[in-house]
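> For reference, the sequence and a predicted model appear below.
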There are 2 protein chains.
Amino acid sequence: MKEFELIERLIGGLPGNTQVVVGAGDDCAVLRWPDPAREIVFKTDAVVEGVHFTSETAPERIGHKALARCLSDFAAMSATPVAAVITLATKGIDAERIERIYTGINALAKRYAVAVVGGETTSMPSGLLVNVAAIGSVESGKAILRSGAKVGDALFVTGELGGSIEGKHLDFEPRLAEAQWLAENFHLRSMIDLSDGLAGDLRQILKASSVPGAELLGSALPISRVARIRAKQGDLAKPAMAAALTDGEDFELLFSVAPSNAVKLLDAWRVQFPKTKLSCIGRLVDRPGIWLRDATGMRPVNASGFDHFSDSGQGNP
Amino acid sequence: MKEFELIERLIGGLPGNTQVVVGAGDDCAVLRWPDPAREIVFKTDAVVEGVHFTSETAPERIGHKALARCLSDFAAMSATPVAAVITLATKGIDAERIERIYTGINALAKRYAVAVVGGETTSMPSGLLVNVAAIGSVESGKAILRSGAKVGDALFVTGELGGSIEGKHLDFEPRLAEAQWLAENFHLRSMIDLSDGLAGDLRQILKASSVPGAELLGSALPISRVARIRAKQGDLAKPAMAAALTDGEDFELLFSVAPSNAVKLLDAWRVQFPKTKLSCIGRLVDRPGIWLRDATGMRPVNASGFDHFSDSGQGNP
């Protein structure tokens, strides 16, 4: 198949929506912006062969992941995605692989009414990279930032954590519906999606909000079954708790609310999303750093999880 | 320098503008959309080491080219760019190279009041790729498309063509000011920016507009001095006329207007842009294909230029 035939086939299959004025095929895409009360949300993100997927990964899953990562960032702002443009860089033109990548992108895009309004395929000496840039909208002044957290806030996380590498990192569903519902029904003070691991992403909220620290309750952490199984696989296995704290690409939502809202939120969530876990995992505190409370006391959490041998959290003045 | 220090330095240097609500550093950027009478214009584009630049190319020029290509597409729609987000994929973190790439991006962005509102740096097994996605605005219904050309239209091209590989492909200035002025003062029926060569990009206009063909006047083609010099370099050199027709990455504007506007447009251009060439290079015709008229008659133009030996254009029935 020649390149221009492939491009025509691809363009013919791209999902649209009512905001599209000019879709793929011209110099740029053009979209209507019907509601002046909403702001524009804008994001770009790439997945790379050998880093975010392998040469063996099913192309549909590559496409799904590429768009899903971007949409997960929209969820983290409680924004609604509207349209995406794709850059696909690869050696040569493997028409079947490219079409299957778009199959993955388009299926996810359709579920959330995201129009795919442009797709460039460019040559690269080796490997494969898929970049997705997306725009969306949010009610003016209502985007949930990382920077609004306060000492005392209750910390929540959706779903389960750890072991995403076994498959969830390719197949996760961005938490758009959950984020929308949360933002409409509760005053969220801060939110982020978990891409670098709970501990690392929590640190981003602390830093952006100028909050000194957080206390996590070990027994409340929603450790995934996969992380527990992996923890039993040989001497080099990561303890399940450490996996939940530091494994990347969980793509769950981490957010904080005023403590007075915590119980009400948990109750309403259980009615709204009975099949999806929501855990109150701790609170934001004045004491600097991230601390994990478990049966043995309080330990500091660092980049690789927590320190088994440190007792600096247990009774030091 | 550690990665997070680099990121903080980069974020500190990014240009903003009055539409930015949330810039780089959160999950997504947020922008105001103050004028509901304007539509959104959206584009993504990548440059790749070994394809669009070499490992020896000065990083500032890589950054300039990456953003300039994208802005050239905005010019081709007569749109105004507003904000850009960058994806930089590279092996390891060469802080100096990355900072110099951003120096090139930021300098160009500032000249056109484009805010840089997000920048991801991701790991790639080898090479370097810089993707720029940008949004902008255009008065509703006023984007200049490829699809509005009509038989009889006069064809114009800005600047000079051919030999861009000698340096212009890295340093060109996107024709945003020219496109803006053209769209404000004349009814342009179609426009495209020249990235794949005059003949190839003209074919895009013909196809999108369902116009059968075009006749180009050889003596009117604005062949660049560089293309003329290159044509004298050895036996494998490309004739200068062929270079003007087919060399890629000129990033000039090709557009069509009703023939009654042609002279008025040329006169007004010379007053407005006395230092920049504008050439009326031919017209759109009913006869299928692209034809070049020169001293020897009429020849068909194909993907590699024109056919020296064909006489199919000279008197065949």
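Structure received. Only a predicted model underlies this, so the values are computations on that prediction, with no experimental measurement involved. Numbering: from 1, shown residues only, chains lettered A, B, ... in the order given.

> Can you tell me what sits against the one helix or strand residue A:11 maps to?
Using DSSP states H and E, residue A:11 maps to helix A:3-13. Under the contact criterion CB atoms under 8 Å, 6 or more residues apart in numbering or on different chains, helix A:3-13 has outside partners A:1, A:23-25, A:93, A:95, A:98-99, A:102, A:106, A:119, A:121. Bear in mind the C-beta positions are built from the backbone N, C-alpha and C, glycine included.

> Let me know the next secondary structure element after that helix.
That would be, after helix A:3-13 and using DSSP H and E, strand A:20-22.

> Each with direction, which strands does that next one pair with?
strand A:29-31 (antiparallel) (DSSP bridges).

> which of the residues in the strand it pairs with are buried?
Residues of strand A:29-31 classed as buried by neighbour count (16 or more other CB atoms under 10 Å in any protein chain shown): A:29-31.

> The helix or strand just after it near chain B anywhere?
Sequence order places strand A:38-48 as the next helix or strand after strand A:29-31, per DSSP H and E. Yes: counting by CB under 8 Å from any CB of the partner chain, contacts between strand A:38-48 and chain B involve A:38-46, A:48.

> Can you name every helix or strand that strand A:38-48 contacts?
helix A:59-76, strand A:128-139, strand B:29-31, strand B:80-90, strand B:115-123, strand B:128-139 (3 or more CB pairs under 8 Å, 6 or more residues apart in numbering or on different chains; DSSP states H and E).

> Minimum distance to residue A:241: which of these has it?
helix A:59-76 (23.8 Å; CB to CB).

> how deep is the residue in chain A that chain B sits nearest to tucked in, by neighbour count?
Minimum separation of chain A from chain B (CB to the nearest CB) falls at residue A:133, amounting to 3.2 Å. Neighbour count of residue A:133, defined by other CB atoms under 10 Å in any protein chain shown: 29.

> ok, it touching residue A:41?
No: contact criterion CB atoms under 8 Å: residue A:133 and residue A:41 do not qualify, at 11.6 Å.

> Now residue A:302. Nearest residue, chain neighbours left out?
Distances taken as CB to CB, 6 or more residues apart in numbering or on different chains put residue A:199 closest to residue A:302, at 7.5 Å, once the chain neighbours are dropped.

> Alpha carbons of the helix or strand hosting that neighbour, in CSV - could you do that?
Here residue A:199, judged by DSSP H and E, is contained in helix A:198-209. The C-alpha trace of helix A:198-209 is given here as CSV (Å, rounded to 0.1, in the frame of the first residue of the first chain):
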residue,chain,number,x,y,z
LEU,A,198,2.2,7.5,44.4
ALA,A,199,5.2,8.9,46.4
GLY,A,200,6.6,10.9,43.6
ASP,A,201,3.4,12.3,42.4
LEU,A,202,2.3,13.1,46.0
ARG,A,203,5.5,15.1,46.3
GLN,A,204,4.4,17.1,43.2
ILE,A,205,1.2,18.1,45.0
LEU,A,206,3.1,19.0,48.2
LYS,A,207,5.6,21.1,46.3
ALA,A,208,3.1,22.9,44.1
SER,A,209,0.9,23.6,47.2
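
> Excluding its own residues, what touches that helix? List them.
By CB under 8 Å, 6+ apart, the list of residues contacting helix A:198-209 reads A:145-150, A:155, A:157, A:161, A:190, A:192-195, A:211-214, A:221, A:244-246, A:250, A:254, A:256, A:284, A:290, A:301-303, A:305, B:25-26.

> let's go with 7 Å and repeat that
Contacts to helix A:198-209, defined as CB atoms under 7 Å, 6 or more residues apart in numbering or on different chains, come from residues A:146-149, A:157, A:161, A:190, A:192, A:194-195, A:213-214, A:244-246, A:254, A:256, A:290, A:301, A:303.

> returning to that earlier point: what's the distance between the residue nearest to residue A:302 and residue A:245?
The gap separating residue A:199 from residue A:245 is 5 Å, by CB to CB, to the nearest Å.

> These two: which has the busier surroundings?
Comparing residue A:199 with residue A:245 by other CB under 10 Å, the one with more neighbours is residue A:245, at 28 against 23.

> What's the first helix or strand after the host helix or strand of that one?
Assigned by DSSP H and E, residue A:245 belongs to helix A:240-246. Counting by DSSP H and E, the next helix or strand C-terminal to helix A:240-246 is strand A:253-257.

> what about that next one, average pLDDT?
Strand A:253-257 comes out with an average pLDDT of 98.

> Least confident of the helices and strands packed on strand A:38-48, on average?
Across the helices and strands packed on strand A:38-48, strand B:115-123 gives the lowest mean pLDDT, at a mean of 92.

> do that strand and chain A meet at all?
Yes: contact of strand B:115-123 with chain A (CB under 7 Å from any CB of the partner chain) involves B:117-118, B:120, B:122-123.

> partners of that strand in the sheet?
Strand B:115-123 has these strand partners (DSSP bridges): strand B:80-90 (parallel).

> shaky segments in the stretch 151-300 of chain A?
Residues of the stretch 151-300 of chain A that meet the criterion pLDDT under 70 lie in A:235-236.

> try it again with 90
A:233-239, A:294-296 (pLDDT under 90).

> Could you pick out the residues of it near chain B for me?
A:192-193.

> sorry, back to before: need the next SSE after the helix holding residue A:199, C-terminal direction.
Taking DSSP H and E, what comes next after helix A:198-209 is strand A:213-217.

> list the buried ones in that next one?
Buried residues in strand A:213-217 (16+ other CB under 10 Å): A:213-216.

> what do you get for stretch A:208-227?
Going by neighbour count (16+ other CB under 10 Å), the buried part of stretch A:208-227 is A:208-209, A:211, A:213-216, A:218, A:221-224, A:226-227.

> mind checking the end-to-end distance for it?
29 Å (CA to CA, to the nearest Å).

> related to what we said a few turns ago, how big is the angle separating the helix holding residue A:199 from helix B:3-13?
Interaxial angle, helix A:198-209 versus helix B:3-13 (axes from the mean of the first three to the mean of the last three CA atoms, to 10 degrees): 30 degrees.

> ok, the nearest residue to residue A:224 once chain neighbours are set aside - contacts?
Spatial nearest neighbour of residue A:224, chain neighbours left out: residue A:160 (3.8 Å); criterion: CB to CB, 6+ apart. Residue A:160 makes contacts with A:222-224, A:277, as judged by CB under 7 Å, 6+ apart.

> As CSV, those with secondary structure would be great.
Supplementary listing: the contacts of residue A:160 in CSV, determined by DSSP: H, G, I helix; E, B strand; the rest coil:
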residue, secondary structure
A:222, coil
A:223, strand
A:224, coil
A:277, coil
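
> Grab the two from those that are most spread out in space.
A:223 and A:277 (10.8 Å).

> Doesn't residue A:299 belong to a strand?
Yes: assessed by three-state DSSP, residue A:299 belongs to a strand.

> Stretch A:197-211: how far from the chain's middle?
Relative to the centre of its chain, stretch A:197-211 is centred 15 Å away, using CA atoms, centre = their mean, to the nearest Å.

> do stretch A:114-130 as well
With CA atoms, centre = their mean, you get 21 Å for stretch A:114-130.
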